[in-house]
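# pasting the structure only:
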Ligand SMILES: Cc1cc2nc3c(=O)[nH]c(=O)nc-3n(C[C@H](O)[C@H](O)[C@H](O)COP(=O)(O)OP(=O)(O)OC[C@H]3O[C@@H](n4cnc5c(N)ncnc54)[C@H](O)[C@@H]3O)c2cc1C
């Protein structure tokens, strides 16, 4: 199918893009187009105008100092290729590496993935586990949304109409912390049937002092596996934590994977992700 007709603009500045959005209630932002254009072709999205962000230099790039700041229009391929990111937070490249194929990674953007809030996307889980902050600009100025508040429901983020996600701020892991991402891919689409991101922090005595686990694919949105997090910190036991990984999660079932299978995958992948995160934590 072909999309409905639409107007197209490719502004050079963020302010021009914001103005276009506020003047056109039917406008939608275009990033890499790898989710939006397929949705337009099957008429699940019918924007009257596309505001293409590709020329806006201030939305691109990776900066690493006391924290990592990634422009929303930074592609997966740019994240994967960044030597500095590989050294300072290798779990980002590990996660990007299992997204789609090279064509998807060359065009798809971190901002597009997060704003789209696909329940089977990989980046939302990783950003939840890393406690990233989303910087957003809109008609009422700038605001920052914690990843924990950003993924509201299936294909629904906390972005308000007219808002643009501009930057993702990711804290660096402290000494004694490690992270890992594990994914069970759908054999046809390659999306996550379930994906699990884990961050583990060890205290001075080597005990687990903090832990964050985030799950994608299992439910309508990326979500934290709080029961498993608490189990790992209280018992230090990997098996105890993995056994509780699906407890309290909002689960979905479909023709490919039942709720029970997704719960099972969540437990298995949590065990694997925690094991590797604990090894990396030292
Ligand atoms: C064959 C294929 C395989 C894929 N496999 C995977 C996979 O394994 N894992 C995975 O996670 N994803 C996968 N994807 C999806 C891919 O990651 C998309 O690129 C991504 O989800 C959307 O990013 P995009 O830059 O293409 O955004 P677009 O498609 O351009 O936009 C998506 C949505 O976000 C909005 N948007 C985009 N940028 C912004 C912004 N800065 N501010 C506000 N709103 C914004 C748009 O208006 C639109 O509603 C796959 C896609 C394809 C086609």
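Noted; the coordinates are in hand. Because the structure is a prediction, the values reported are computed rather than measured. Numbering: from 1, shown residues only.
# which parts of the stretch 101-250 of the chain are strands?
In the stretch 101-250 of the chain, strands defined by DSSP state E, counting those that start in this stretch lie at 133-138, 141-146, 151-153, 156-157, 164-171, 177-185, 192-202, 208-216, 223-224, listed in chain order.
# okay if I get those as a markdown table plus mean neighbour count?
Backbone N, C-alpha and C define where each C-beta goes, glycine included. Output for the strands of the stretch 101-250 of the chain, formatted as a markdown table (neighbours: other Cβ atoms under 10 Å):
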| stretch | mean neighbour count |
| --- | --- |
| strand 133-138 | 20 |
| strand 141-146 | 12 |
| strand 151-153 | 17 |
| strand 156-157 | 17 |
| strand 164-171 | 21 |
| strand 177-185 | 23 |
| strand 192-202 | 28 |
| strand 208-216 | 24 |
| strand 223-224 | 20 |
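# I'd like the ones you listed as TSV, with distance to the ligand and mean pLDDT appended.
Shown next, in TSV, are those (distance: least, Cβ to the nearest ligand atom, whole Å; pLDDT from 0 to 100):
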stretch	distance to the ligand	mean pLDDT
strand 133-138	8	98
strand 141-146	12	98
strand 151-153	13	98
strand 156-157	8	98
strand 164-171	4	98
strand 177-185	7	98
strand 192-202	6	98
strand 208-216	8	97
strand 223-224	16	98
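# which among these is found nearest to residue 110?
Of all the strands of the stretch 101-250 of the chain, it is strand 164-171 that lies closest to residue 110, at 6.0 Å by Cβ to Cβ.
# what's the spacing between the closest one and its chain's center?
11 Å (Cα atoms, centre = their mean, to the nearest Å).
# and the helices in the stretch 1-150 of the chain?
14-23, 36-41, 76-81, 83-88, 91-96, 102-107, 110-116, 123-129, 147-150 (DSSP state H, counting those that start in this stretch).
# what comes up buried for stretch 26-36?
Buried residues in stretch 26-36, counted by 16 or more other Cβ atoms under 10 Å: 27-36.
# next: stretch 259-272.
By 16+ other Cβ under 10 Å, the buried positions in stretch 259-272 come out as 261-263, 265-272.
# just stretch 240-258 next, same as before
241-246, 249, 251-252, 257.
# make a markdown table out of those and add distance to the ligand.
Shown next, in a markdown table, are these (distance: Cβ to the nearest ligand atom, whole Å):
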| residue | distance to the ligand |
| --- | --- |
| 241 | 25 |
| 242 | 23 |
| 243 | 27 |
| 244 | 26 |
| 245 | 20 |
| 246 | 21 |
| 249 | 19 |
| 251 | 19 |
| 252 | 16 |
| 257 | 15 |
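# so where's this protein uncertain?
Of all residues in the chain, none has pLDDT under 70.
# circling back: ranking the helices of the stretch 1-150 of the chain by burial, who's on top?
helix 123-129 (a mean of 29; mean count of other Cβ atoms under 10 Å).
# near the ligand, which residues of this protein are found?
Proximity of the chain to the ligand is confined to 28-36, 53, 72, 99-100, 104, 108-109, 111-113, 115-116, 118, 121-123, 159, 164-165, 190-191 under the rule Cβ under 6 Å from any ligand atom.
# at 5 Å instead, please
28-36, 72, 99-100, 104, 108-109, 111-113, 115-116, 121-122, 164-165, 190-191 (Cβ under 5 Å from any ligand atom).
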